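Peer 1: Let's see this in three dimensions:
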Amino acid sequence: MIQNRENQSILITGESGAGKTENTKKVIQYFASIGAVAAKEGAEKKMSVEDQVVMCNPVLEAYGNAKTVRNDNSSRFGKFIRVHFGKDAKLASADIEYYLLEKARLTYQNPEERNFHIFYQIFKGVPQDIQTGQFLLDPDANNYKFLSNGDVHVPSQDDVELWKENEEAMVILNFTDEEKYSILKLMSACLLFGNITLKQNKRDEGCEIENPVFIEKTAALLQIPAADFQKCLLKPRVKVGSEMVTKSQNSEQVYFATKALCKAIFERTFKWLIGKCNKALDTKKPRQNFCGVLDIAGFEIFDFNTFEQLCINLTNERLQQFFNHHMFILEQEEYKREGIVWQFIDFGLDLEASIELMEKPMGILPMLDEECVFPKATDMTYKEKVIQQHNKKHPKFSVPSMKSTKGMEHPPHFNIHHYAGVVGYNVEDWLTKNADPLNDNCLDLFRKSAMPYMAELFADCVPAGPKERKKTFQTMAMMHRRSLNELMGMLNSTYPHFIRCLVPNETKTPGKVEAELILHQLRCNGVLEGIRIVRAGFPNRIQYADFKQRYQILAASEIPAGFIEAKDASQIIIKHLGLTDDEAKFGNTKVFFRAGILGRLEDLRDEKITQILTAFQALSRGWIARKIYKKLMEQRVGVVVLQRNIRQHFILRNWPWWKLFTKVKPLLSIARQEEEIRAKEEEMKKAMEEAAATAAAKKELEEKYEKLETERMEIQAELERERQAAIDAEDLVFKLEGKQKELEEE
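Peer 2: Numbers count the residues shown, from 1 in each chain. Down below sits the predicted model:
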């Protein structure tokens, strides 16, 4: 990113439980670490954007992750995290986009699975008096229908500690206490709302709520009138023609509306959380480039595959196509563009056919959107139309045989041949899931809630007329395809890097490796084909100028002095290193290398630099050693002189003549002092005479200067008088000439 000034992206993909979420956290922590801005000494310590980027994880995991059969902390949504850097390569800001939140998990979980972590954190982390007093909850998690399997214990998930981390993260991300409690009230309301039981009326199609206490608690938490809420659920007002009429709902319709409203509350809360994190991460600092990290659900094949699996698998199909296009097509096109002799290899990984089957007009999803518009359409009519349109007409579509589906609880209605395998899809509830209808009466009630947070979440739910509703109608498939296209556009504008996470075994056992399982994953995600093209092609390439600058040290004596083109210099370097034509190829703007050659060049460069530094260190150490040696020799000479003088002192100190000399010596210095004083006095006398002569000469010069100055002033005054006389004479001449003209005229 710094070298090429190009946005980068990292695509972390793999099956559920392969470690995508953990890898994403490590990558984000790495970005936050290397891009951290050093704090000034003495400055007040405040929360940095690096801390906030890292602390988004506990919040998003609490509300978006759950335990599945294969993974104790599975992300049930996809996210694309952009980490923006400034011109100085320091972290400037970040933002998050999410995709495919599995909101259906809120109302139902498969055996041995859990709901989203936040619900269990509420029961384990929130004090019991707050649970019962403010959130109106029963402390026993087993009493709630939306927690299908009750209080499932997960050894690797300490809900109490995770709750504390979530609380700390919200403080760092600038959540207010009111916002935190409002979110938890909505989560509690969803659990309570799911516990209502209905009784069908015998006289009409309507129904009644058997346990109104749950609807009252839900209304109290949402701060809406309980009576109006119950009325909107059981007997909503609908528009028929130009009139509003009251319509009684049966128990099945009310149950569906209840689940749909809970899912809407949860999804809007999650979307608001993402927006709150983005607001905290937006520092308004100037941005230069970004590194994006994509963590999205991997390819899924279950016994019962429904609408959610189709959307996830379509996303993975598009991402795999992006990988193939980048790794295989673009790679070989660059060889052709650079003028390298290359035999084009078809790896047979074009996924366009299966993508068109799902996305293009008259495909699986467009036909589903069309079917949602027809009033009398059902899942079965949709199934018949899809089979009629594609069976035996499209190579990626097939219908399972009766024998293969015998004994299955949810038999697939049709198969799609994905890159990772054949997946059978069951179309039960597809029209309902795609249309995602909500009770407009309840939405309007939510919009008018006395809780500011609730009113903010549903502020856009303004009742619209039939024409406006028709214009704004958006199915889940439409929204997913739009967000997927935006994601692919974003990825295409960056330079991608791929991280493939692999599941080592199906039993979550440490240290156990199932070779067949790993090989299947490598084959499905294109890694084996990637290795093939790397071995067959030239995966490493460098611009000539960059190659010359980095590796000219390996052939410094061969490159002539003065200017030389980068391509010619690169050829000289490679020829000097003895690389064959098969190991290195020269393109129009780049030099290409086989796998492993660039690593070898790096080793040679490191060795050369080591040699140069070793020689420099040897010279430096030699100079330092010689300097120390010289100093030691001088010290040795000084010690010898000192020793000799000390010995002489001990010999002479008791000698009578030496004693006499020491007594007479001060007297000799006194005689010399008198001579020095006389010499100084003579010097002083001579200096004073010179000073007097200088003063006399100065006085004489000053007198001459004054005399000359006086004469100059007199001459200047005389000159001024003469000038004035000349001016007067000129004036007189002008007057006489004027007089003469007057006389001549007369």
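
Peer 1: For the stretch 451-600 of the chain, just list every one of the helices.
Peer 2: Using DSSP state H, counting those that start in this stretch, the helices of the stretch 451-600 of the chain run over 452-457, 466-471, 476-492, 515-524, 527-536, 544-551, 566-577, 597-652.

Peer 1: Tell me which of these sits nearest to residue 740.
Peer 2: helix 544-551 (93.2 Å; CB to CB). All C-beta atoms are positioned from the backbone trio N, CA, C, and that covers glycine.

Peer 1: With only the CA atoms kept, save stretch 98-111 in CSV.
Peer 2: Provided in CSV are the C-alpha atoms of stretch 98-111 (Å, rounded to 0.1, in the frame of the first residue of the first chain):
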residue,chain,number,x,y,z
TYR,A,98,-22.0,-5.9,7.2
TYR,A,99,-23.7,-8.4,5.0
LEU,A,100,-26.2,-11.3,5.5
LEU,A,101,-27.0,-11.1,9.2
GLU,A,102,-28.6,-14.4,10.0
LYS,A,103,-31.6,-12.9,11.9
ALA,A,104,-33.6,-16.2,11.5
ARG,A,105,-31.4,-17.5,14.3
LEU,A,106,-33.1,-15.1,16.7
THR,A,107,-36.3,-17.2,16.7
TYR,A,108,-35.0,-20.7,16.1
GLN,A,109,-31.8,-22.7,16.6
ASN,A,110,-30.9,-26.2,15.6
PRO,A,111,-30.2,-28.8,18.3
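
Peer 1: from the middle of its chain, how far away would it be?
Peer 2: In terms of CA atoms, centre = their mean, to the nearest Å, the centre of stretch 98-111 is set 26 Å apart from its chain centre.

Peer 1: about what we covered before: quick check: which of the helices of the stretch 451-600 of the chain is nearest to residue 205?
Peer 2: Nearest of the helices of the stretch 451-600 of the chain to residue 205, taken as CB to CB: helix 466-471 at 24.2 Å.

Peer 1: Kindly reformat the helices of the stretch 451-600 of the chain as CSV containing mean pLDDT.
Peer 2: Output for these, formatted as CSV (pLDDT from 0 to 100):
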stretch, mean pLDDT
helix 452-457, 92
helix 466-471, 49
helix 476-492, 89
helix 515-524, 84
helix 527-536, 74
helix 544-551, 91
helix 566-577, 90
helix 597-652, 93
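
Peer 1: right, and those helices - which one's nearest residue 243?
Peer 2: Per CB to CB, nearest to residue 243 of the helices of the stretch 451-600 of the chain: helix 466-471, 12.6 Å.

Peer 1: Tell me the secondary structure at the closest residue to residue 287 other than its chain neighbours.
Peer 2: The shortest distance from residue 287 to any non-neighbouring residue, by CB to CB, 6 or more residues apart in numbering, is to residue 84 (4.3 Å). Here residue 84 is recorded as strand under DSSP: H, G, I helix; E, B strand; the rest coil.

Peer 1: can you count the residues close to the closest residue to residue 279 other than its chain neighbours?
Peer 2: Nearest residue to residue 279, sequence neighbours excluded (CB to CB, 6+ apart): residue 174, at 7.9 Å. Per other CB atoms under 10 Å, the neighbour tally for residue 174 reads 13.

Peer 1: ok so, going back, mind listing what the residue nearest to residue 287 touches?
Peer 2: 91-95, 287-290 (CB atoms under 8 Å, 6 or more residues apart in numbering).

Peer 1: Swap in 6 Å and give it another go.
Peer 2: If you count contacts by CB atoms under 6 Å, 6 or more residues apart in numbering, residue 84 has them with 92-93, 287, 290.

Peer 1: if we take those, which one ends up nearest to residue 189?
Peer 2: The closest of the contacts of residue 84 to residue 189 turns out to be residue 93 (CB to CB; 33.7 Å).

Peer 1: that older thread, can I get the helices of the stretch 451-600 of the chain in TSV with distance to residue 680 and mean neighbour count?
Peer 2: Shown next, in TSV, are those (distance: least, CB to CB, whole Å; neighbours: other CB atoms under 10 Å):
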stretch	distance to residue 680	mean neighbour count
helix 452-457	100	18
helix 466-471	114	10
helix 476-492	94	16
helix 515-524	103	14
helix 527-536	95	15
helix 544-551	72	18
helix 566-577	76	18
helix 597-652	33	11
